[in-house]
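Engineer: build the 3D model from these lines:
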Amino acid sequence: MKKKLAVLLVTCLMGVLMAGCGKKEDSTFTVGFDAAFPPYGYMDDNGEYVGFDLDLAAEVCERNNWTLVKQPIDWDSKDMELSSGSIDCIWNGFTVNGREDKYTWSSPYVDNSQVFVVAEGSGIAEFSDLAGKAVGVQRDSSALSALNNEEEPDNIALRDSFGNLTEYADYNTAFMDLEAGAIDAIAMDIGVAKYQIESRGTGFVILDKYLATEQYAVGFLLGNDELRDQVEKTLQEMAADGTFAEIAEKWGLSDSICLGK
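Structural biologist: Below is the predicted model:
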């Protein structure tokens, strides 16, 4: 009798543990994001966290009966947040390229490029014009990775031509310095650049040549295939029924999306 009871208890315990490995239907889904990275994720004038990626996450949660938790994080601490379990995924204009083996990824959903933004009338029109100039970039960003990519000698040479390269915690601060003349250019994602320029009105332009091209996806802890598969399935359903495209149109990103195309 005791043996049967012990087996029953072990079986129940295993069931509980296995249930905890995945996302239950009534569970929370915590998204880690940079709260100063519009239009993907940021705080609006009403103090609310909004953005393209957060709208996508909200729809995924709605369809899975999950409660969405929007967790702003320091971008350079994202790996610690993910590995500690503080967040379930990194979903905020997160670049796959160069990180393929570090995370478990959803399918790419946005095609993105890295560009330089300069002030109108600055006289900077080509990469060669950046020689000796003060350039800004966000810490631990894709643009910084592109500038430090040893497999792209032209990028290394370009970086070494700068007068100095300043790393910022966020692009809002970088834009304030660009506007004030403290720096001459910012290396950044094209989607974010377009949003910043549109929201600030005239005064800035994007150089025609791209520094690098890349793709965005949702990043999960390496090996967390189960949660990735649940989110991936829902994203594919959203792409098939047109919801994904509707959300992209709302945020002015229709030309950038690649999921379902």
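Engineer: quickly list what I206 is bridged to.
Structural biologist: Assessed by DSSP bridges, I206 has beta-bridge partners V117.
Engineer: the spatially closest residue to I257 that is not a sequence neighbour: how many residues sit nearby?
Structural biologist: Closest residue in space to I257, ignoring its immediate chain neighbours: A248 at 4.7 Å, by CB to CB, 6 or more residues apart in numbering. (C-beta placed from N, C-alpha, C; glycine too.) Here the number of neighbours of A248 (other CB atoms under 10 Å) works out to 21.
Engineer: quick check: A248 vs Y109, distance?
Structural biologist: The gap separating A248 from Y109 is 9 Å, by CB to CB, to the nearest Å.
Engineer: same check on M80?
Structural biologist: Taking CB to CB, one finds M80 at 25 Å from Y109.
Engineer: between these two, who's got more neighbours?
Structural biologist: More crowded of M80 and Y109, by other CB under 10 Å: Y109, with 24 against 12.
Engineer: all strands for this structure, in order.
Structural biologist: 28-33, 36-37, 41-43, 49-50, 67-72, 89-90, 104-105, 110-119, 134-138, 164-168, 185-189, 204-206, 212-216, 219-220 (DSSP state E).
Engineer: who does the fifth one pair up with?
Structural biologist: The pairing partners recorded for strand 67-72 under DSSP bridges are strand 28-33 (parallel).
Engineer: how far off centre is the partner strand?
Structural biologist: On the basis of CA atoms, centre = their mean, to the nearest Å, strand 28-33 is displaced by 13 Å from the centre of the chain it belongs to.
Engineer: please spell out which residues along it are buried.
Structural biologist: Going by neighbour count (16 or more other CB atoms under 10 Å), the buried part of strand 28-33 is F29, T30, V31, G32, F33.
Engineer: what about that strand, average pLDDT?
Structural biologist: Regarding strand 28-33, the rounded mean pLDDT is 98.
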